[in-house]
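Q: Structure for the following, please:
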Amino acid sequence: MEHNWDSYIEIARRFEHKARYQDREDLRHSIIIEIAEAKSRNGDKTFTEATMCRIASYVVADYYRGLRLPSGNLPCGRCSKAQRGKCQRYDLYSQCRKGVEVVSLNSHIEDGEGNSIELIDTIADDSAVDLDAWLDARAWLLGCPKRLIEIAHKMVKGITLNHGDICYLSRFRKNGQLKLL
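A: Numbering: from 1, shown residues only. Below you'll find the model as predicted:
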């Protein structure tokens, strides 16, 4: 099944102006994805421009339902109209089973030692360098035989090792092994 991405983008651009300025790109991408998924589910049946416009209008409606959440964190668009009215009349939002608590990354929490830190500071950085391991590897390389480094470069480049290199590497590995009882 082949997707006509240009037509999906064209339809999405017709509807993106209905969102707030900062949300327009997100809405455009949501429309494109939803149209593509609907096309995949549709199979070989005809998929008209009107169908794509209808899907885009549903995505826009979902976008606005998300904006009208009473406390900023409840998915009331998934409840019936009667249930939404009941929640509004009796202020039952805190008891909602579909409620999702939204926590700001700038909120302060206490760590295990009683210090107050921002939640964002607790997120691990995958691109951070492990300095201890880096220094250990650097120190090991400074004391490593030059021939072993040359053999490692050959292996990285995919160059076949000669018999002497294989024997040297094998002897180095054998000497580096821990002796068992």
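Q: Return the distance of residue 93 relative to residue 87.
A: Distance of residue 93 to residue 87, given as Cβ to Cβ, to the nearest Å: 6 Å. All C-beta spots, glycine's among them, are computed from the backbone N, C-alpha and C.
Q: out of those two, which sits in the more crowded spot?
A: residue 87 (18 against 15; other Cβ atoms under 10 Å).
Q: tell me the SS of that one?
A: helix (DSSP: H, G, I helix; E, B strand; the rest coil).
Q: I'd guessed it sits against residue 79; true?
A: Yes - if you go by Cβ atoms under 8 Å, residue 87 and residue 79 touch, sitting 7.4 Å apart.
Q: which residue ranges form the strands in this protein?
A: Counting by DSSP state E, the chain has strands at residues 108-110, 116-118.
Q: Can you tell me the strand partners of the first one and which way each runs?
A: Applying DSSP bridges, strand 108-110 is found paired with strand 116-118 (antiparallel).
Q: for the strands of the chain, which one sits closest to residue 7?
A: Residue 7 lies closest to strand 116-118 among the strands of the chain, at 45.1 Å (Cβ to Cβ).
Q: can you list contacts of that closest one?
A: Strand 116-118 has contacts (Cβ atoms under 8 Å, 6 or more residues apart in numbering) with 105-111.
Q: if we go to 6 Å?
A: Residues from elsewhere that reach strand 116-118, judged by Cβ atoms under 6 Å, 6 or more residues apart in numbering: 106, 108, 110-111.
Q: Out of the residues you listed, flag the one nearest to residue 14.
A: Checking the contacts of strand 116-118 against residue 14 with Cβ to Cβ, the nearest one is residue 106 at 36.6 Å.
Q: Please report the distance of that closest one from residue 123.
A: From residue 106 to residue 123 the distance is 12 Å (Cβ to Cβ).
Q: for residue 153, same thing?
A: With the distance defined as Cβ to Cβ, residue 153 ends up 37 Å from residue 123.
Q: Quick one: low-confidence residue ranges for this structure.
A: Scanning the chain for pLDDT under 70 picks out the ranges 1, 67-78, 94, 97-102, 178-181.
Q: Tell me where it has helices.
A: Ranges of helices within the chain are 5-15, 24-42, 49-67, 81-90, 131-143, 146-157, 163-176, based on DSSP state H.
Q: Nearest the geometric middle of this structure, what residue?
A: Nearest to the mean C-alpha position of the chain, by Cα atoms, centre = their mean, lies residue 126 at 12.8 Å.
Q: so what are the domain limits for this protein?
A: What automatic domain parsing lists as the domains of the chain is 5-95, 131-176.
Q: Mean neighbour count, these: which tops it?
A: domain 5-95 (a mean of 14; mean count of other Cβ atoms under 10 Å).
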